[in-house]
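Undergrad: using only what follows, build the 3D model:
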Amino acid sequence: TVTVITPTTGTPERRDYLHDLRHSLDHQGVSWRWVIALDGRTAPLPSSIVNDQRVTVVTTGANRRGAAAARNLALTRVRTQWVTSVDDDDLLADDSLLLRVNAALSRLGLGWSCGRMVDLLPGGETTQRCSLLPTEDMTHQQRLVPSGPVDPGGPWRAWPESRAPFPLSPSALMVRTSLL
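TA: Reported below is the predicted structural model:
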């Protein structure tokens, strides 16, 4: 079982995204729990989401504290071996969690794995999340990370400079809960 943490303001414009993310969870091929971390006071979430026994809703209280604080609060509710954080405007590609779990379990002692996800954009467009990887001429371009193990230090070597986007999207990272 994988726990998916989603920080959100829960505002009306974010609710369609939450419905889409909820739908993508049903196509993961692995059991899941979903902790929705509301940042600040909002109207109640749709009953189609909160009435699901796999969903837990926590709130930071009346004031907004930011996505990081909401994620940290949600971590206190994780009771599964694996955890990932998925933004409220992201989707998980079909079987993304299953592939991550299988990859992690295929190598003894592996504490994390990554998978692909889809970012929802305004206007209904989508884009797959990419990572920065070096090309043969050592320039960097955004492209999808190939499947399979990454050599130790690979993500750091692919990071061109501290101001550049980190090569791994946090929403693509799944971590063994005991490491947190």
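
Undergrad: lowest-pLDDT helix or strand in the protein?
TA: Every helix and strand in the chain was compared by mean pLDDT, DSSP states H and E; the lowest is strand 131-134, with a mean of 40.

Undergrad: ok, residues contacting the lengthiest helix in the chain?
TA: Ranked by number of residues, the top helix in the chain under DSSP state H is helix 12-25. Residues outside helix 12-25 that contact it (Cβ atoms under 8 Å, 6 or more residues apart in numbering): 4, 6, 8, 10, 32, 34, 36, 43, 45-46, 48-49, 52, 86, 88-94, 118, 120. To be clear about C-beta, it is placed using only N, CA and C from the backbone, and glycine gets the same treatment.

Undergrad: pull out the buried members of those.
TA: 4, 6, 8, 10, 32, 34, 36, 45, 49, 86, 88-93, 118, 120 (16 or more other Cβ atoms under 10 Å).

Undergrad: quick one: which of the contacts of helix 12-25 sit in helices?
TA: Counted as lying in helices by DSSP H, out of those, are Ser48, Ile49.

Undergrad: state the number of residues packed around the residue nearest to Leu179 when sequence neighbours are not counted.
TA: Closest residue to Leu179 apart from its sequence neighbours, by Cβ to Cβ, 6 or more residues apart in numbering: Gly111 at 5.0 Å. By other Cβ atoms under 10 Å, the residues close to Gly111 number 13.
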